[in-house]
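Undergrad: Quick one, fold the following:
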Amino acid sequence: NAHVPVSLEPWEDSPSDNLEEENYYKDLFICKNKGDVLFTKSITNNYLIIKIEPTTFAVVNPSSITVYGKYDKQKAIIKIAQSPDTSKPLEYELTENGRAAFSGFFNLMQNGLGYLQTIEAYYTQSWQPEATGYPWNEYYAHTITSLTSPLNEAFGACYVPFRHIKLIEENLEEENNGLGAGLNFIESILYYEMITLWENVPYMTHAATYPFDEYPQMPRKELVETLMLKLLNCIDVFGQVKTNPTTDINSAIFPSRNGPLVMLARLSMMNAKWNEARHYLEQVVASNQYSLEASRAAALTKNSNELIYSFLSGNDLYTRVIEKNETLPGITYTEVYLTLAELCGLVGDNAKATDYLNTVIKAKGYNISVTSGNYRSVLTDLWKSELKGTGTYFEYLKRNNLAEIELNIESFRKILPFPRQEIDANPNLVQNPGY
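TA: Sure, this is the predicted structure:
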């Protein structure tokens, strides 16, 4: 109540009321279940009466009411904030501009991932190159050096999409965490494979220009923990319902939480946190969103029942020189089951380990009987045959102390050399031992 007459509309000659603020990248995506505070306002006998309705939105935009005094051009602004409906999941959607922008971005991701998966596939001898298949025969024979092609191309191809991610992140509002969470998940896929191949790699903290010579190497353990911290936000943002990132670009940016859960498990295992990794993967199983396909080929189709996350294949290196599938080898339900079989074995839950392993054997039509004596060899053979090309087999061999035996390599060959060009360009980059 006030002694000065007030109104909800400007009095004559009142100053204009313009509170609009510039919002960079606001046209890339929208939150579908985001809305304004619903309220009515009125002035009765110079009393302001506000009635606020219960919200049905997962995100509620703050609002305001301006009350104008009759004299001296005075006004008061009342800000209204409302808690969201926590029972409603966050749902994001790219705009047309966003779809156009990210179609090019995913070509860059496909290019970088294609390089890494090809290198890992030949280095783990999951495929044998042709006799004249230079330089792939050097990878297969484990004789590569810092000058071997295409190490430099592969390394650089990963940091191009990283730079795009940082450019977008630097212009996002803090509250717009849907797009930021999706980008954190996507970058973790590339970083995971880079850590597998090179171990201590530079981590891009902000956008810069090639050759990215200002980034120091980040120790493997620290980088893994950094990526995991960001992935935990994805679990809070995204829902459990299965999405199809290979047929819908919107699902590629805003996936289900199951993809980030698998990446959290992968990274937890890099730091030997077996129970933590098991916890993440058991959540994927409990979601009841996936089922095992009868073959690896079926698992890599774009409408696969077990595809959790992947990229469409195209003109990437892996598709050109290794194999042609509808999708690049990605995160599948087979990986979830085989990893759980491994994890249960590592923590001594042998009965459960055998159950997970037998589930895959039955689904894929193998005639194998698992015993305590052959459990490890069966798991290793299945990993190589069913998950080859996914960028996970090399890390599996290393964490189970099998790399030197299975690949017949010296210890220093468990990580690859940094490209000579990158060493020369980046004074912060220290060459891996043995090279």
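
Undergrad: which residues in the stretch 251-400 of the chain form helices?
TA: 258-270, 274-286, 296-299, 317-321, 333-346, 350-364, 375-386, 393-399 (DSSP state H, counting those that start in this stretch).

Undergrad: what helices or strands is the fifth one leaning on?
TA: Right, the one you point to is helix 333-346. The contact analysis (3 or more Cβ pairs under 8 Å, 6 or more residues apart in numbering; DSSP states H and E) places helix 333-346 against helix 258-270, helix 274-286, helix 296-299, strand 307-309, helix 350-364, helix 375-386. In this view, the C-beta of every residue, glycine as well, is placed from N, C-alpha and C.

Undergrad: Throw the ones you listed into TSV and include mean pLDDT and mean neighbour count, thanks.
TA: Below are the helices and strands packed on helix 333-346 laid out as TSV (pLDDT from 0 to 100; neighbours: other Cβ atoms under 10 Å):
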stretch	mean pLDDT	mean neighbour count
helix 258-270	98	26
helix 274-286	98	18
helix 296-299	94	18
strand 307-309	95	25
helix 350-364	96	17
helix 375-386	96	17
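
Undergrad: So in the protein, which helix runs the longest?
TA: helix 96-123 (DSSP state H).

Undergrad: What's the first helix or strand after it?
TA: The first helix or strand that comes after helix 96-123 along the chain, using DSSP states H and E, is helix 136-140.

Undergrad: and the longest helix of the chain, how far out from the chain's middle?
TA: 13 Å (Cα atoms, centre = their mean, to the nearest Å).

Undergrad: Mind listing what's buried along that helix?
TA: 98-99, 101-102, 105-123 (16 or more other Cβ atoms under 10 Å).

Undergrad: Low-confidence stretches in the chain?
TA: 1-26, 72, 89, 131-132, 173-176, 208-214 (pLDDT under 70).

Undergrad: same thing but at 80, please
TA: Within the chain, the stretches with pLDDT under 80 are 1-27, 29-33, 58-59, 70-73, 86-92, 101, 131-134, 170-177, 207-215.

Undergrad: so the residue most central in space within it is in which element?
TA: Centre of the chain computed as the mean C-alpha position; nearest residue by Cα atoms, centre = their mean is Phe185, 1.9 Å away. If you go by DSSP H and E, Phe185 is part of helix 177-198.

Undergrad: which other helices and strands contact that helix?
TA: Taking 3+ Cβ pairs under 8 Å, 6+ apart as the contact cut, helix 177-198 packs with strand 29-31, strand 92-94, helix 96-123, helix 151-169, helix 220-237, helix 249-253, helix 258-270, helix 393-399.

Undergrad: Tell me the first helix or strand C-terminal of the first one.
TA: What it means is strand 29-31. Counting by DSSP H and E, what follows strand 29-31 is strand 34-36.

Undergrad: Repeat that for the last one.
TA: Sequence order places helix 403-407 as the next helix or strand after helix 393-399, per DSSP H and E.

Undergrad: then that next one to CSV, C-alphas only?
TA: Extracted C-alpha coordinates of helix 403-407, given in CSV (Å, rounded to 0.1, in the frame of the first residue of the first chain):
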residue,chain,number,x,y,z
ALA,A,403,48.9,-56.3,-23.3
GLU,A,404,52.5,-57.5,-23.3
ILE,A,405,51.4,-61.1,-23.5
GLU,A,406,48.6,-60.9,-26.0
LEU,A,407,50.3,-58.4,-28.3
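
Undergrad: Can you give the distance of that helix from its chain's centre?
TA: With Cα atoms, centre = their mean, you get 29 Å for helix 403-407.

Undergrad: still on that earlier bit, which one of the helices and strands packed on helix 177-198 lies closest to Arg320?
TA: helix 96-123 (8.0 Å; Cβ to Cβ).

Undergrad: Can you check what angle separates that closest one from helix 151-169?
TA: 150 degrees (axes from the mean of the first three to the mean of the last three Cα atoms, to 10 degrees).

Undergrad: helices or strands next to helix 96-123 in the packing?
TA: Checking 3+ Cβ pairs under 8 Å, 6+ apart, helix 96-123 ends up next to helix 136-140, helix 151-169, helix 177-198, helix 249-253, helix 317-321, helix 393-399.
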